[in-house]
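Undergrad: Fold the following for me, if possible:
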Amino acid sequence: MPSALKPLLHWLPSATHAGLLRRLAIVWAVALLIALAQWLSKSQTTALSHSLVYSYAISTSIWFLTDPVRIALHPWLHTEPPHYWALNPRAVGWLLLAIVLGYAMGVTVGDLYAGVSTWDLLSQSPQRFWGFWLSSLGISFGFLFFFYQREKAQALQRQASEAQLRLLETQLEPHMLFNTLATLRALITTDAPRAVTMLDRLNDYLRATLRASRSETTEQPHTLALEFARLRDYLELMAVRMGPRLRFTLTLPDDLAQHPLPPLLLQPLVENAIRHGLEPHLAGGEIRVEALASGAELLLTVSDTGAGCAGTPQPGFGLSQVRERLASAFGGGPERLRWRSEAGQGTHITLRLPRQALAPSQT
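TA: Numbering: from 1, shown residues only. The predicted model follows:
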């Protein structure tokens, strides 16, 4: 299984492991088809094991030199993460050399197993020898072109998703700000000291938001720690307005603090909990936000003890924006967001996200 090879790739960036193993699986699948085709075409003279060894030795050697070694040599080849592909002269020259060397290495392994010498064909039947070599060269270039185009398409898709997330974020920030300013306007005439306190909290919140936006422009990941810190600022801001009617608990395990997360993913859910759960409830209630690791998934829950409702929620601004952000960032369907509510008992929302491995510097 390709996953068993992961420990052998420790010398390469961890973010490249999944792609390397995925490409190796494709190479091996095609190598099996090639071996079977060669064996069927001359089954009277060649053993199936010989065809398999030649096919897998050649394809694996070429993959190793054109993929893992290519990534390891990226400073010299002038290629950049995350895909390390480029069409500059040095990178193309290495790919050509890697195919030739990989073919020679694979043939040598096959000859040792079969007890023959393919290189003798160069003098006995040059046409047959060069036919083998050119066919391997063509297949290898076909693989490289396919992988290059695939990575390029994925990079464009990532850019489109990031642009969509930025657009959604620009819609969410004013939405929250307008609601807060409307509350401030009412408090200024009815409770000036509370209005001043709320304005101070708003200042803290906007300062944290500015820090987060600057970290995004410098390509530093937005983490759960930053998201929860911003949530705390927001909830303390709302607590000025609601007083003892609003209580909240934020639970973030230390080992998940540096896990990356799209910005403003949880805040719309907290806003909904206040607006539709706690504010209509005379006694107010409590909001709980929790992050939890569950196998390969990251579970984020937002629950409240407010008014709740029966049936399914109306597709309001906050909930629809969160669904769109989940689809843009992680793909998948409605299973990413689970919602349940009961009249008089509150609402519970769970986000199910893929858990990402953290680099050593992030742990």
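Undergrad: Please name the residues that touch the closest residue to Q345 other than its chain neighbours.
TA: Excluding its sequence neighbours, the residue lying closest to Q345 (C-beta to C-beta, 6 or more residues apart in numbering) is G308, at 5.0 Å. Heads up, the C-betas are built off the backbone N, CA and C, glycines and all. If you count contacts by C-beta atoms under 8 Å, 6 or more residues apart in numbering, G308 has them with G277, S341, E342, A343, G344, Q345, G346, T347.
Undergrad: how distant is the host helix or strand of L20 from the center of its chain?
TA: According to DSSP states H and E, L20 maps onto helix 17-41. Chain-centre distance of helix 17-41: 26 Å, with C-alpha atoms, centre = their mean, to the nearest Å.
Undergrad: Quick check: buried residues in stretch 96-114?
TA: 98-99, 101-103, 105-111, 114 (16 or more other C-beta atoms under 10 Å).
Undergrad: can you list contacts of that stretch?
TA: 49-50, 53-54, 57-66, 69-70, 117-119, 133, 136-137, 140-141.
Undergrad: The helix or strand where E324 lies packs against which elements?
TA: Using DSSP H and E, E324 maps to helix 317-330. Contacting helix 317-330 under the criterion 3 or more C-beta pairs under 8 Å, 6 or more residues apart in numbering; DSSP states H and E are the following elements: helix 126-190, helix 267-272, strand 337-342, strand 346-354.
Undergrad: re earlier: report the secondary structure state of the residue nearest to Q345.
TA: coil (DSSP: H, G, I helix; E, B strand; the rest coil).
Undergrad: Look up which helix or strand L299 falls in, please.
TA: Applying DSSP H and E, one finds L299 within strand 297-304.
Undergrad: Can I get that strand in PDB, CA atoms only?
TA: Extracted in PDB, the C-alpha atoms of strand 297-304 (Å, rounded to 0.1, in the frame of the first residue of the first chain):
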ATOM      1  CA  GLU A 297     -12.100  15.000  11.900                       C
ATOM      2  CA  LEU A 298     -12.200  18.300  13.800                       C
ATOM      3  CA  LEU A 299     -15.500  18.900  15.500                       C
ATOM      4  CA  LEU A 300     -16.500  22.500  16.200                       C
ATOM      5  CA  THR A 301     -19.700  22.900  18.200                       C
ATOM      6  CA  VAL A 302     -21.800  26.000  19.000                       C
ATOM      7  CA  SER A 303     -24.700  25.500  21.400                       C
ATOM      8  CA  ASP A 304     -27.000  27.700  23.400                       C
END
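Undergrad: That strand: partners in the sheet, and parallel or antiparallel?
TA: strand 285-294 (antiparallel), strand 346-354 (antiparallel) (DSSP bridges).
Undergrad: mean pLDDT for those: which is lowest?
TA: Lowest mean pLDDT within the strands paired with strand 297-304: strand 346-354, a mean of 89.
Undergrad: Please identify the buried residues of that strand?
TA: So, applying 16+ other C-beta under 10 Å, buried residues of strand 346-354: G346, T347, H348, I349, T350, L351, R352, L353.
Undergrad: Give me the angle between it and helix 317-330.
TA: Angle, strand 346-354 to helix 317-330, by axes from the mean of the first three to the mean of the last three C-alpha atoms, to 10 degrees: 10 degrees.
Undergrad: how much does strand 346-354 deviate in direction from strand 337-342?
TA: If you take the same axes, to 10 degrees, strand 346-354 sits at 170 degrees to strand 337-342.
Undergrad: Quick one: distance of strand 346-354 to the chain centre.
TA: For strand 346-354 - counting by C-alpha atoms, centre = their mean - the centre lies 19 Å from the chain centre.
Undergrad: same question, stretch 189-204
TA: Stretch 189-204 sits 40 Å away from the centroid of its parent chain (C-alpha atoms, centre = their mean).
Undergrad: do the same with stretch 134-141
TA: Per C-alpha atoms, centre = their mean, the centroid offset for stretch 134-141 relative to its chain is 33 Å.
Undergrad: before we move on, back to that, just the buried ones among the contacts of G308, please.
TA: Taking 16+ other C-beta under 10 Å as the criterion, what is buried in those is G277, S341, G346, T347.
Undergrad: Okay, and the beta partners of the third one?
TA: Going back to what we said before, that points to G346. Beta-bridge partners, per DSSP bridges, of G346: E342.
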